[in-house]
Structures are given as C-alpha cells and as structure tokens.
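1. show me the folded form of this:
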Amino acid sequence: MGGVGKTQICLKFIEKLVSNHCHFWRIFWIDSMNAETLTNGFSSIADDFEAKSKGIEKSPEGVLRWLTATQ
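-> Residues are numbered from 1 along each chain as shown. Got it, this is the predicted structure:
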C-alpha cells in the first residue's frame, strides 16, 4: 500500500489530538502486513525501556495488556 497517504493520515490524527490538548507518551508503529510482522512489532514494543521495567511478557497479549493498563 505504498503511496496512499498512511503516514499523512497518522500525522494529521496526531496533530488534531494535540491541538485538542490530548497527549501521547509513546507512539508505536506496527507493520501489520502479515502475522509474523505483527508479532515482531509487538515484540519490539516489549523491548521499550518502560515496558521492560514493568516486566511485561514478550508476547502480543502481554503488550496489549500493558498498553491498555497504561494511563
């Protein structure tokens, strides 16, 4: 899906949220081309310093639990 404006859509989304005083502590990009790249993306999130310090398990489920519990 190269060249269809995915990055521009994401940047516009973030711009609108920031202008409404919503802030993010991290933004993670995950390649969802297939199951393997999706799993690798979650695995790389598990390598984030804060995630490691919380001791999350290095699985998609562990990362999703951590992300949904993070305020």
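
2. what's the burial count for residue 63?
-> 23 (other Cβ atoms under 10 Å). For every residue, glycine as well, the C-beta is placed using N, CA and C.

3. ok, now residue 48?
-> Counted with other Cβ under 10 Å, residue 48 comes out at 15.

4. I'd say residue 63 and residue 39 touch.
-> No. Counting by Cβ atoms under 8 Å, residue 63 does not reach residue 39; the two are 10.0 Å apart.

5. residues touching residue 34, list them.
-> With contacts defined as Cβ atoms under 8 Å, 6 or more residues apart in numbering, residue 34 has no neighbours.

6. swap the cut-off to 10 Å and go again
-> residue 40 (Cβ atoms under 10 Å, 6 or more residues apart in numbering).

7. same question, the one 3 residues further on
-> The contact partners of residue 37, by Cβ under 10 Å, 6+ apart, come to 30, 31.

8. next, count neighbours for residue 54.
-> 13.

9. before we move on, what about residue 30?
-> The burial count for residue 30: 15, using other Cβ under 10 Å.

10. do residue 15 as well
-> Around residue 15 there are 10 residues (other Cβ under 10 Å).

11. secondary structure element for it?
-> Element membership of residue 15, judged by DSSP states H and E, is helix 6-19.

12. what's in contact with that helix?
-> Applying Cβ under 10 Å, 6+ apart, the contact partners of helix 6-19 are 5, 22, 23, 24, 27, 29.

13. from these, which land in helices?
-> The members of the contacts of helix 6-19 all map outside helices under DSSP state H.

14. greatest separation within these: which pair is it?
-> Across these, no pair lies farther apart than 5 and 23, at 24.3 Å, counting by Cβ to Cβ.

15. and residue 61, how close does it get to residue 39?
-> 11 Å (Cβ to Cβ, to the nearest Å).
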